[in-house]
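**Student:** no sequence on this one, just coordinates:
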């Protein structure tokens, strides 16, 4: 269990450091980058992947029908 916690802590520290570096490069705050990622990009990704999934299901259904 300690090994798993070490991995989770490493991933969290890496992601946080990555967002801080992006904020420094862009000249904005950590909170602004975090908001952009989790309020704009992540929902767009989820909606886009859901639409892609539905399109693929419809294509498969059409292909099986013919």
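**Tutor:** That came through, no problem. No experiment lies behind these values; they were computed from the predicted model shown. Numbers count the residues shown, from 1 in each chain.

**Student:** per-residue pLDDT, the residue nearest the centre of the chain?
**Tutor:** With distances taken as C-alpha atoms, centre = their mean, the residue of the chain nearest its centroid is residue 42 (5.1 Å). You'll see residue 42 listed with a pLDDT of 97.

**Student:** can you check residue 66 too?
**Tutor:** We have a pLDDT of 84 for residue 66.

**Student:** gap between it and residue 53?
**Tutor:** 21 Å (C-beta to C-beta, to the nearest Å). Every C-beta, even on glycine, is put in place using the N, C-alpha and C of the backbone.

**Student:** Who has more neighbours out of those two?
**Tutor:** residue 53 (10 against 4; other C-beta atoms under 10 Å).

**Student:** Check what pLDDT that one gets.
**Tutor:** So residue 53 comes in at 98 (pLDDT).

**Student:** outside of stretch 22-35, which residues touch it?
**Tutor:** By C-beta atoms under 8 Å, 6 or more residues apart in numbering, the residues outside stretch 22-35 that reach it are 19-20.

**Student:** Could I get the buried residue list for that stretch?
**Tutor:** In terms of neighbour count (16 or more other C-beta atoms under 10 Å), stretch 22-35 has its buried residues at 23, 33.

**Student:** ok now that stretch, how far from the chain's centre?
**Tutor:** Relative to its chain's centre, stretch 22-35 lies at 16 Å (C-alpha atoms, centre = their mean, to the nearest Å).

**Student:** how long is it end to end?
**Tutor:** Start-to-end span of stretch 22-35 (C-alpha to C-alpha, to the nearest Å) is 13 Å.

**Student:** What ranges does this structure have for its helices?
**Tutor:** 2-26, 30-35, 42-65 (DSSP state H).

**Student:** average model confidence for the second one?
**Tutor:** Meaning helix 30-35. 96.
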